[in-house]
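1. no sequence on hand, only this structure:
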């Protein structure tokens, strides 16, 4: 990822220009059914503009500020149609559908593409073809100084063939479930950026109730009048290895350590996967080479192969038999390198991985795929490797290749200005939101920020309390076996409390995370759970099982707390059987201990012999509450929660 500070590139509109359309109004677009359709753009002041579409034709005169807009009447689902916009010039837009448009936003888990999860969903990525599902991906631009009049350049793409791979996995499975059930075209506008906090997505007006943030924004604008940030988040495999540094022993000698002719001496043993800090190397940041010799049978040679190296912290360059086969410059993407025909040979083959790390625990993330695959055969690469240090960094961070850090204060309103505001004229069915990781440091404040954002966006779109559906944070990081405090749990609590905002829905995803990956691959289940809420809020579904159990209120009876839930559906259940897990209880001293719990109809009774006078209960209160097993019989998990004072 690259962060570039640049002067704003969007120039003022020329007074003599032809009719110009916004990025969203384009070929293959999906327009919102049953709502007035706004078509807008820019032209010369006083220029007459007409829009002809689906049997209707509307005229207008361009205003003195170069803008024009026509409003077409609401129409039912259908298409494809052609739209003709005429001024001094003519624009003809084709293959337009009328259906339901969902505006989707948030962090990187909202945009994690189908290409990244193709191994998990091989059938879908190989065979799915839905030309009536369309995606508009908004490129990343951040600017805190002003509101833009148009989105960065983009285009509408149908979910067909190779184009499907660019869809966000979560949004694709969300759209697919709705399309297969209602057979109405679905448009996805995906405006998301990895790593940024919710404050980036809120307009200036939304900060009126947050004086401290408002003051920070005012100061920022005063001191950074030309600030503009343009970040590119497309993760691609590089075509050249990480550059050689003069202090890198692996590249400095007469025979490079990546060369098959190199003879390793005094290399150290390493068990892969794992982190070198856990294998006898303390506090080392730098460049380390890992080497393994493997035996390849003749049946795996003479054809292309695929090398899977899980995830590596942070950057890698990988060589097979001395040939560079690919690299990734930061820790999150999976390493999946294609090997050309002829590279593998029968007998001994050598894999060398050059790893650069300058922060945290360097190494190979466990519980990932480490294998070599060819001709339907697989060699497991886990096990004994050897390593040698190529360079020790004297100043950790100097060669850190992951540029995902930012100062939250410099992003206030910045993404709203560039990636939200230009879209508010485009009618939508509702909003989809998947964000929160960037706010775990101020998790309690999120209980105020998320409702403020919802109100902000609904006000800007001016379409009433249209559905706002969001994903609760998944489980992440190591499992803890004692009750503990957790910012991730606190943020889930803030998300839970936001359900008091009218016409909102929350998909619980604690069971869809991965302890070792902030970008879990299970996007299908999350997307489909969000779609269940959409069916209820936006499509009138009468199915009562669209949510997992949601805590409502409790009573105290002696030494027991009785919890009441909504969304129990046809009943509560313990997934997998056995005892209920992850309930903790506390008295007035708020010293939490694990509790016993049992289901009683639509209630849960919680107690502990260590707490004779209980006052509060927590459920699944942890970064990664693995094993939390309260579900309803639909198979949907209960939301984590902490009971409030009553």
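-> Now that the structure is in, tell me what you want to look at. This structure is a prediction, so every number in the text was calculated from the model and none was measured.

2. residue 570 - how many residues pack around it?
-> 10 (other Cβ atoms under 10 Å). To be clear about C-beta, it is placed using only N, CA and C from the backbone, and glycine gets the same treatment.

3. run through the bridge partners of residue 573.
-> The residues listed as beta-bridge partners of residue 573 by DSSP bridges are residue 631.

4. which parts of the stretch 101-250 of the chain are helices?
-> Taking DSSP state H, counting those that start in this stretch to define them, one finds helices in the stretch 101-250 of the chain at 108-111, 122-127, 169-182, 211-223, 249-252.

5. same question for the stretch 401-550 of the chain.
-> 414-419, 446-461, 487-497, 523-538.

6. single out the most deeply packed of those.
-> helix 414-419 (a mean of 27; mean count of other Cβ atoms under 10 Å).

7. related to what we said a few turns ago, mean pLDDT lowest for which of the helices of the stretch 101-250 of the chain?
-> Mean pLDDT values for the helices of the stretch 101-250 of the chain show the minimum at helix 211-223, a mean of 83.

8. relative to helix 446-461, how tilted is that helix?
-> Between helix 211-223 and helix 446-461, the angle comes out at 60 degrees (axes from the mean of the first three to the mean of the last three Cα atoms, to 10 degrees).

9. before we move on, the earlier item: which one of the helices of the stretch 401-550 of the chain lies nearest to residue 602?
-> Closest to residue 602 of the helices of the stretch 401-550 of the chain, according to Cβ to Cβ: helix 487-497, at 18.3 Å.

10. other residues contacting the closest one?
-> 436, 439-441, 443-447, 450, 470, 472-473, 476-477, 506, 510, 550-551, 618, 620-625, 639-642 (Cβ atoms under 8 Å, 6 or more residues apart in numbering).

11. just the buried residues of the residues you listed.
-> The neighbour-count criterion (16 or more other Cβ atoms under 10 Å) marks 436, 439-440, 443, 445-447, 450, 470, 472-473, 476, 506, 510, 550-551, 618, 620-625, 639-642 among the contacts of helix 487-497 as buried.

12. where does the prediction get shaky in the stretch 451-600 of the chain?
-> Within the stretch 451-600 of the chain, no stretch falls below the threshold (pLDDT under 70).

13. can you check the chain too?
-> In the chain, residues with pLDDT under 70: 1-17, 223-246, 394-410, 645-646.

14. looking at the helices of the stretch 101-250 of the chain, which is closest to residue 459?
-> That would be helix 211-223 among the helices of the stretch 101-250 of the chain, by Cβ to Cβ, at 17.0 Å.

15. how far off centre is the closest one?
-> In terms of Cα atoms, centre = their mean, to the nearest Å, the centre of helix 211-223 is set 28 Å apart from its chain centre.

16. re the thing from before, residue 428 is nearest to which of the helices of the stretch 401-550 of the chain?
-> The nearest among these, by Cβ to Cβ, is helix 446-461 at 6.7 Å.

17. centre of the chain to that closest one, how far?
-> Centroid separation for helix 446-461 versus its chain: 20 Å, with Cα atoms, centre = their mean.

18. elements contacting it?
-> Packed against helix 446-461 by the contact rule (3 or more Cβ pairs under 8 Å, 6 or more residues apart in numbering; DSSP states H and E) you find strand 430-434, strand 468-471, helix 487-497.

19. quick one, strands of the stretch 51-200 of the chain?
-> With DSSP state E, counting those that start in this stretch, the ranges of strands along the stretch 51-200 of the chain come out as 56-61, 67-72, 78-86, 90-106, 130-137, 156-159, 186-192.

20. out of these, which is closest to residue 538?
-> Once the strands of the stretch 51-200 of the chain are compared by Cβ to Cβ, strand 90-106 is nearest, at 7.6 Å.

21. so who does the most centrally placed residue in the chain touch?
-> Nearest to the mean C-alpha position of the chain, counting by Cα atoms, centre = their mean, stands residue 109 at 1.2 Å. By Cβ under 8 Å, 6+ apart, the contact set of residue 109 is 170, 434, 437, 471, 518, 519, 520, 523.

22. top of these by neighbour count?
-> Highest count within the contacts of residue 109 by other Cβ under 10 Å belongs to residue 170, 32 neighbours.

23. any figure for the gap between it and residue 621?
-> 25 Å (Cβ to Cβ, to the nearest Å).

24. quick check: chain neighbours aside, which residue is closest to residue 279?
-> residue 270 (6.0 Å; Cβ to Cβ, 6 or more residues apart in numbering).

25. the one you found against residue 276, yeah?
-> Yes: using Cβ atoms under 8 Å, residue 270 is in contact with residue 276, at 7.0 Å.

26. overlap in contacts of those two?
-> residue 387.

27. sorry, back to before: just put the helices of the stretch 101-250 of the chain in JSON lines and tack on distance to residue 429.
-> JSON lines is the format used below for the helices of the stretch 101-250 of the chain (distance: least, Cβ to Cβ, whole Å):
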{"stretch": "helix 108-111", "distance to residue 429": "17"}
{"stretch": "helix 122-127", "distance to residue 429": "23"}
{"stretch": "helix 169-182", "distance to residue 429": "9"}
{"stretch": "helix 211-223", "distance to residue 429": "30"}
{"stretch": "helix 249-252", "distance to residue 429": "55"}
